[in-house]
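K.L.:
Sequence first, predicted model second:
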Amino acid sequence: MSVAELRERHAAATAKVNALRERIKAKRLQLLDTDVATYSSSNGRTPISFSFTDLVCCRTLQGHTGKVYSLDWTSEKNRIVSASQDGRLIVWNALTSQKTHAIKLPCAWVMTSAFSPSGQAVACGGLDSVCSIFQLNSQFDRDGHLPVSRILSGHRSYVSSCQYVPDGDTHVITGSGDRTCIQWDVTTGQRIAIFGGEFPLGHTADVMSVSISATNPKEFVSGSCDTTIRLWDTRIASRAIRTFHGHEADVNTVKFFPDGLRFGSGSDDGSCRLFDIRTGHQLQVYRQPPRENQTPTVTAIAFSFSGRLLFAGYSNGDCFVWDTILEKVVLNLGELQNTHNGRISCLGLSADGSALCTGSWDKNLKIWAFGGHRKIV
């Protein structure tokens, strides 16, 4: 068989696959006769009543001299690690606002940070294309700096996201601008598995965010500039289990729902979306009303402990609190006193769900405490 014939057969097979994909997409849209908000409204559900006194800024964490890009809480709820353009990781005591560690990084262009499950180590990554691990109980060097305990090197582009696997301090999953995700053994510094890249069912553009399921640590989702989110099983690295479509621009952030059966996403198209990993269906779209023909991008999301609330940070400084069931904005932290003066770049909820932390390009982090609605939150 000649090369020309092989190319012709390949083109025909590709066209057939694309046609089947469109048929499946059309069939799914036909079956989606409602969404979560419409169904809930028809059954008499009412939105949560939230006022400006129900979520108040109780602390402002000041210390960074550059834009804050990332933050993460420890599992014991009272410590936060933040990463900034000033080239430092700062570990904070969220109860006292005290800094317990200020770690100078080898590369100032850091994009992501994460606490280990035990709270004894932090990981970070950025434009140096590596994930650096710091043990917080290590001895400082002669210059007063905390040394890097492990460098995870293997990505061919920037590291945009990192997260420890919840079952211990020994494994990390990273996402990168090289279109891949990698699972690492922190103890040896070796790659365990590569997700995407040369495989046909991987992302076709930069990976911007990863989120590992708390209920099933073998599964994680990744959001990409190819406008898709992909669900992976760490035991099957060669292909994604499922690909989720719906966004119309780069997917900047993904986060698993508390039950591990759904996940949320945020995108440059200005919307947050809720997906079901079992069916692959999009359950709901949360879209900010357009303002003067501008669509602020979604930069970070987090769910409340119950999943009833979705916190979404935007490039224009807004931070919406969405009622996930009824698709209603119940509060905008960007309109409250003591709010940020710039883009919301990151946010996260404490392990017990009692406090929200937001980070911004105004160089500050803020801790918001819930005054009421504890059962709902």
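P.N.:
Yep, that arrived.
K.L.:
show me where pLDDT drops low in the stretch 51-200 of the chain?
P.N.:
51-52, 199-200 (pLDDT under 70).
K.L.:
can you map out the strands along it?
P.N.:
Using DSSP state E, counting those that start in this stretch, the strands found in the stretch 51-200 of the chain span residues 55-61, 68-73, 79-84, 88-93, 99-104, 110-115, 121-126, 130-135, 150-153, 159-164, 171-176, 180-185, 190-196.
K.L.:
Turn those strands into CSV, columns for mean neighbour count and distance to Thr299.
P.N.:
No exception for glycine: its C-beta is placed from N, CA and C like everyone else's. Listed next are these as CSV, based on neighbours: other CB atoms under 10 Å; distance: least, CB to CB, whole Å:
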stretch, mean neighbour count, distance to Thr299
strand 55-61, 18, 18
strand 68-73, 25, 10
strand 79-84, 25, 14
strand 88-93, 21, 20
strand 99-104, 16, 24
strand 110-115, 25, 12
strand 121-126, 26, 16
strand 130-135, 23, 21
strand 150-153, 17, 25
strand 159-164, 26, 13
strand 171-176, 26, 16
strand 180-185, 23, 20
strand 190-196, 18, 23
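K.L.:
Can I get those strands in a markdown table including distance to Leu231?
P.N.:
Output for those, formatted as a markdown table (distance: least, CB to CB, whole Å):
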| stretch | distance to Leu231 |
| --- | --- |
| strand 55-61 | 32 |
| strand 68-73 | 22 |
| strand 79-84 | 27 |
| strand 88-93 | 30 |
| strand 99-104 | 33 |
| strand 110-115 | 20 |
| strand 121-126 | 22 |
| strand 130-135 | 22 |
| strand 150-153 | 23 |
| strand 159-164 | 15 |
| strand 171-176 | 13 |
| strand 180-185 | 12 |
| strand 190-196 | 11 |
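K.L.:
Of these, give the one that comes closest to Val3.
P.N.:
Judged by CB to CB, the one of the strands of the stretch 51-200 of the chain that comes nearest to Val3 is strand 190-196, at 28.4 Å.
K.L.:
The closest one to strand 180-185, inter-axis angle?
P.N.:
Orientation check (axes from the mean of the first three to the mean of the last three CA atoms, to 10 degrees): strand 190-196 against strand 180-185 gives 160 degrees.
K.L.:
Please save the CA atoms from stretch 2-19 in PDB.
P.N.:
Below are the C-alpha coordinates for stretch 2-19, written out as PDB (Å, rounded to 0.1, in the frame of the first residue of the first chain):
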ATOM      1  CA  SER A   2       1.400   3.400  -1.100                       C
ATOM      2  CA  VAL A   3       1.900   6.400   1.200                       C
ATOM      3  CA  ALA A   4      -0.900   8.200  -0.700                       C
ATOM      4  CA  GLU A   5      -3.300   5.400  -0.100                       C
ATOM      5  CA  LEU A   6      -2.400   5.400   3.600                       C
ATOM      6  CA  ARG A   7      -3.000   9.100   3.900                       C
ATOM      7  CA  GLU A   8      -6.300   8.800   2.100                       C
ATOM      8  CA  ARG A   9      -7.500   6.000   4.500                       C
ATOM      9  CA  HIS A  10      -6.300   8.000   7.500                       C
ATOM     10  CA  ALA A  11      -8.200  11.100   6.300                       C
ATOM     11  CA  ALA A  12     -11.400   9.000   5.800                       C
ATOM     12  CA  ALA A  13     -11.000   7.400   9.300                       C
ATOM     13  CA  THR A  14     -10.500  10.800  10.900                       C
ATOM     14  CA  ALA A  15     -13.600  12.200   9.100                       C
ATOM     15  CA  LYS A  16     -15.600   9.200  10.300                       C
ATOM     16  CA  VAL A  17     -14.400   9.600  13.900                       C
ATOM     17  CA  ASN A  18     -15.300  13.300  13.900                       C
ATOM     18  CA  ALA A  19     -18.700  12.600  12.500                       C
END
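K.L.:
Cool, thanks, signing off.
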